[in-house]
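>>> this one's structure only:
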Ligand SMILES: Cc1cc2nc3c(=O)[nH]c(=O)nc-3n(C[C@H](O)[C@H](O)[C@H](O)COP(=O)(O)O)c2cc1C
Ligand SMILES: Nc1ncnc2c1ncn2[C@@H]1O[C@H](COP(=O)(O)OP(=O)(O)OP(=O)(O)O)[C@@H](O)[C@H]1O
């Protein structure tokens, strides 16, 4: 998949292209349906391309912190789009200036550069300065350029439109089963293992500390049942894990951290690339009175996890 950085106008393109437009954070089941449709429309070797925005428009324009963090890192998004068959990704630097583009300019100046054979959007799609134009407006403007626009009905779940905003709220609330239903896979964060305080080892619960995850939404502080995938050039391995996400009040932690205790594993993981996948919220973070109480509770967490997973007790 080719990635094209766009600050003003996208470069002219020759190959007939089926275009999708949006942020595509998390590539939820609604986005996946759109991508399936785009692939189904390929008849004469057209490319499928995504016109995507870098930072979330509502973070850039309104500074709304709910939109600062993402479900997927930029790298994750590119990897998922590539797997879904996308040929080209236009990375639009969404700035305050870009937001001033009118719907007419968006279609007549930006989109006409791309030799588009079809545009596919979800109903409720809004674009242009002030998000003033909708799917109907886009269809009208594209008519002049003989570009057909397919508007797909929302994919809904439990009578509600599936959206990245909804999934981000669920992650922040720790509702990981619901998140999994809407993403079609668990919520996951990929980072690099960093050195921690090394206290975990002394407590009998060595944990890996996950660094370089600043782009991601922070799950509700607490203990989760999950999976850690340790990446390796030859073969990746996955381990059931207990994930501790939060501020660690018992040891006077100051900042939000993600750590994971891998079940049935011992070894050194410093510097490795790992993916932490969240399956289920088990309990909130507690401020224990001393390390003995913390360790006792960690033992209970492990026992509970082993029972849920059908793993032999240690
Ligand atoms: C299963 C599990 C449960 C945990 N629960 C809590 C908790 O309730 N409260 C807390 O302050 N820290 C909790 N922690 C975090 C520990 O305080 C932390 O792992 C320990 O201080 C070691 O940190 P280090 O890896 O930086 O050395 C938990 C960690 C694990 C693995
Ligand atoms: N549930 C859905 N069903 C079908 N299409 C959808 C759905 N959600 C979004 N889309 C479409 O996917 C494209 C990209 O959407 P985008 O990621 O910008 O929206 P979103 O998922 O609603 O995110 P946000 O909640 O951040 O607004 C748009 O064409 C949009 O209409």
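Received it, and whenever you're ready, just let me know what you need. From a predicted model like this one, the values you see are computed outputs, not experimental measurements. Ligands and ions are numbered 1, 2, ... in the order given.

>>> list the contacts for the residue in the stretch 1-150 of the chain that ligand 1 sits nearest to?
As assessed by C-beta to the nearest ligand atom, ligand 1 sits closest to residue 69 within the stretch 1-150 of the chain, at 21.9 Å. For the C-beta atoms, the positions are set from N, CA and C on the backbone; glycine is no exception. The contact partners of residue 69, taken as C-beta atoms under 8 Å, 6 or more residues apart in numbering, are 168, 215, 216, 217, 218.

>>> let's go with 6 Å and repeat that
Shown in contact with residue 69 (C-beta atoms under 6 Å, 6 or more residues apart in numbering): 216, 217.

>>> Kindly report the residues of the stretch 51-200 of the chain close to ligand 1.
Contact residues, the stretch 51-200 of the chain versus ligand 1 (C-beta under 6 Å from any ligand atom): 196, 197, 198, 199, 200.

>>> same thing but at 5 Å, please
196, 197, 199, 200 (C-beta under 5 Å from any ligand atom).

>>> ok, what's across the strand from the closest residue to the first one other than its chain neighbours?
So that's residue 196. Nearest residue to residue 196, sequence neighbours excluded (C-beta to C-beta, 6 or more residues apart in numbering): residue 209, at 3.9 Å. Judged by DSSP bridges, the bridge partners of residue 209 are residue 194, residue 259.

>>> picking that back up, take the residues of the stretch 51-200 of the chain next to ligand 1 and keep only those in strands.
Among these, no residue falls in strands (DSSP state E).

>>> Of these, which belong to helices?
199, 200 (DSSP state H).

>>> got the buried residues for the helix-or-strand element of the chain with minimal mean pLDDT?
Lowest by mean pLDDT, DSSP states H and E among the helices and strands of the chain is helix 57-62, with a mean of 83. Across helix 57-62, burial judged by 16 or more other C-beta atoms under 10 Å covers 57, 58, 59, 60, 61.

>>> do you know how far the residue nearest to residue 196 is from residue 195?
7 Å (C-beta to C-beta, to the nearest Å).

>>> With neighbour numbers in mind, choose between those two.
When residue 209 and residue 195 are compared for neighbours, residue 209 comes out ahead with 19 against 10, by other C-beta atoms under 10 Å.

>>> List the residues that contact the more buried one.
So residue 209 contacts 194, 196, 259 (C-beta under 6 Å, 6+ apart).

>>> cutoff 7 Å now
193, 194, 195, 196, 257, 259 (C-beta atoms under 7 Å, 6 or more residues apart in numbering).

>>> cool, residue 153 as well?
residue 123.

>>> The residue nearest to residue 291 when sequence neighbours are not counted: how many residues sit nearby?
Nearest non-adjacent residue to residue 291, counting by C-beta to C-beta, 6+ apart: residue 203, 6.4 Å away. Neighbourhood size, residue 203 [other C-beta under 10 Å]: 15.

>>> what's downstream of the least confident helix or strand of the chain, the next helix or strand?
Per DSSP states H and E, the first helix or strand lying C-terminal to helix 57-62 is helix 74-83.

>>> for that following helix, what is the average pLDDT?
Across helix 74-83, pLDDT averages out at 97.

>>> Return the set of buried residues in it.
Those would be 76, 77, 78, 80, 81, for helix 74-83 by 16+ other C-beta under 10 Å.

>>> Turn these into a markdown table, columns for distance to ligand 2.
What follows is the buried residues of helix 74-83, written out as a markdown table (distance: C-beta to the nearest ligand atom, whole Å):
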| residue | distance to ligand 2 |
| --- | --- |
| 76 | 14 |
| 77 | 10 |
| 78 | 15 |
| 80 | 12 |
| 81 | 12 |
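
>>> Those: which two are farthest apart?
Spatial extent of the buried residues of helix 74-83 (C-beta to C-beta) is set by the pair 76 and 81 at 9.6 Å.

>>> which stretches of the stretch 51-200 of the chain have low pLDDT?
By pLDDT under 70, the stretch 51-200 of the chain has no low-scoring segment.

>>> quick one: which of the contacts of residue 209 is nearest ligand 1?
residue 196 (3.0 Å).

>>> number of nearby residues for the closest one?
Using other C-beta under 10 Å: residue 196 sits among 18 other residues.

>>> give the contact list for it.
207, 209, 259.

>>> can you give me the offset of stretch 24-32 from its chain's centre?
9 Å (C-alpha atoms, centre = their mean, to the nearest Å).

>>> ok, is it in contact with ligand 2 or not?
Yes: judged by C-beta under 5 Å from any ligand atom, stretch 24-32 comes into contact with ligand 2 at 24, 30.

>>> Report the mean confidence score over that stretch.
Per-residue pLDDT over stretch 24-32 has a mean of 97.

>>> Give me the contact list for that stretch.
50, 52, 70-72, 77, 80, 122, 154-155, 162, 164, 167, 182-184.
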